[in-house]
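[1] what follows is a predicted protein model with its sequence.
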Amino acid sequence: MKQLTNMNVQIVSDKQAGGKAGFQVFENALQNGAKVLGLATGSTPVTIYEQLVASDLDFSQLTSVNLDEYVGLSADHPQSYHYFMQQHLFNAKPFAHSYVPDGANLDAAAATSEYDQIIADNPIDLQLLGLGKNGHIGFNEPGTDPESTTHKVTLTASTIDANARFFDNADEVPRYAYSMGIGSILKAKQILIVAYGEAKAAAVAAMIQGPVTPDVPASYLQTHPNVTVILDEAAASQLD
């Protein structure tokens, strides 16, 4: 375990070990009284969710708040993040309340203000994040205002390309998403960010050791007092 900047950086052997390390962070948070968990989608958190599902942890009195959702997909769409969470966690481990941005609501002002109110009413104790190759967190792409709250995002070509593997073809990937903002993320009491693979190594180095800059949204995590970073050796390969 290495301490870099103010972040607790844990380097693990692979995704399975990362899942176990991430589970430990969740278990410790619950033991310390966490009531609201901020959750993420994508391939990175899956091994953590597998550990949570296999555990005896009880979420039935807790609240979950997800980072983001595609605009234009209903909750029951197989590629929606709401559906992803049902499949990977909620069906096995139901929460008292689970919130995901309403992708079916095409009124962006209404959808984002509604979600900001949900976050305000349910302050997040532990927020789980993945890391994009371009340094994005949630769908906060480079250039996003660090004080942003929930907003409608135009997805970049690289993000659309990265997500195309989940659809039959790239043309089906939504071009917009609702995302919790960087400012919203930084209000969480504790943050856990996970990254695997050499393709994430440059973003990891920029996040931890580079300047705090809108060009690397994840670099704003340097300003947060309680961040745990779980990496495999490949993702950590460009760290000093």
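    Noted; the coordinates are in hand.
[2] same question for the longest helix anywhere in the chain, mean pLDDT?
    Taking DSSP state H as the criterion, the chain has its longest helix at helix 15-31. For helix 15-31, the mean per-residue pLDDT is 98.
[3] give me the sheet partners of the following helix or strand past that helix and which way each runs.
    As assigned by DSSP states H and E, the chain's next helix or strand after helix 15-31 is strand 36-39. Here strand 36-39 has these sheet partners by DSSP bridges: strand 63-66 (parallel), strand 126-130 (parallel).
[4] now strand 36-39: buried residues?
    Neighbour-count burial for strand 36-39, with 16 or more other Cβ atoms under 10 Å as criterion, is recorded at V36, L37, G38, L39. Every C-beta, even on glycine, is put in place using the N, C-alpha and C of the backbone.
[5] ok, now stretch 52-70?
    L52, F59, L62, T63, S64, V65, N66, L67, D68, E69, Y70.
[6] now swap in stretch 123-138 and tell me
    By neighbour count on 16+ other Cβ under 10 Å, the buried set for stretch 123-138 is 124-138.
[7] of these, which is the nearest to T149?
    Ranked by distance to T149 (Cβ to Cβ), the buried residues of stretch 123-138 are led by G138 at 11.5 Å.
[8] please tell me how far that closest one sits from P174.
    Per Cβ to Cβ, to the nearest Å, G138 is found 15 Å from P174.
[9] heading C-terminal from the worst-scoring helix or strand of the chain on mean pLDDT, find the next helix or strand.
    Taking mean pLDDT, DSSP states H and E as the measure, the helix or strand of the chain with the lowest value is strand 2-4, at a mean of 37. Counting by DSSP H and E, the element after strand 2-4 in chain order, helix or strand, is strand 7-12.
[10] so what are the sheet partners of that following strand and their directions?
    strand 2-4 (antiparallel), strand 227-232 (parallel).
[11] would you say A111 is within a helix?
    Yes. Residue state for A111 (DSSP: H, G, I helix; E, B strand; the rest coil) corresponds to a helix.
[12] tell me the secondary structure at the nearest residue to it once chain neighbours are set aside.
    Distances taken as Cβ to Cβ, 6 or more residues apart in numbering put N105 closest to A111, at 4.2 Å, once the chain neighbours are dropped. The local conformation at N105, judged by three-state DSSP, is coil.
[13] mind checking how far N105 is from I160?
    For N105, the distance to I160 (Cβ to Cβ) stands at 21 Å.
[14] what's the answer for A96, then?
    Counting by Cβ to Cβ, the gap from A96 to I160 is 35 Å.
[15] same question, Q79
    13 Å.
[16] pLDDT at the residue nearest the centre of the chain, what is it?
    Nearest to the mean C-alpha position of the chain, by Cα atoms, centre = their mean, lies L129 at 2.8 Å. We have a pLDDT of 98 for L129.
[17] does it touch A40 like I think?
    Yes. L129 is within contact range of A40, at 5.6 Å (criterion: Cβ atoms under 8 Å).
[18] name the residues contacting each of these two.
    Between them, L129 and A40 share these contacting residues under Cβ atoms under 8 Å, 6 or more residues apart in numbering: L67, G138.
[19] check the burial of the closest residue to A206 other than its chain neighbours by counting its neighbours.
    Spatial nearest neighbour of A206, excluding adjacent residues (Cβ to Cβ, 6+ apart): V216 at 4.5 Å. Counted with other Cβ atoms under 10 Å, the neighbours of V216 add up to 24.
[20] kind regards, and thank you for your time.
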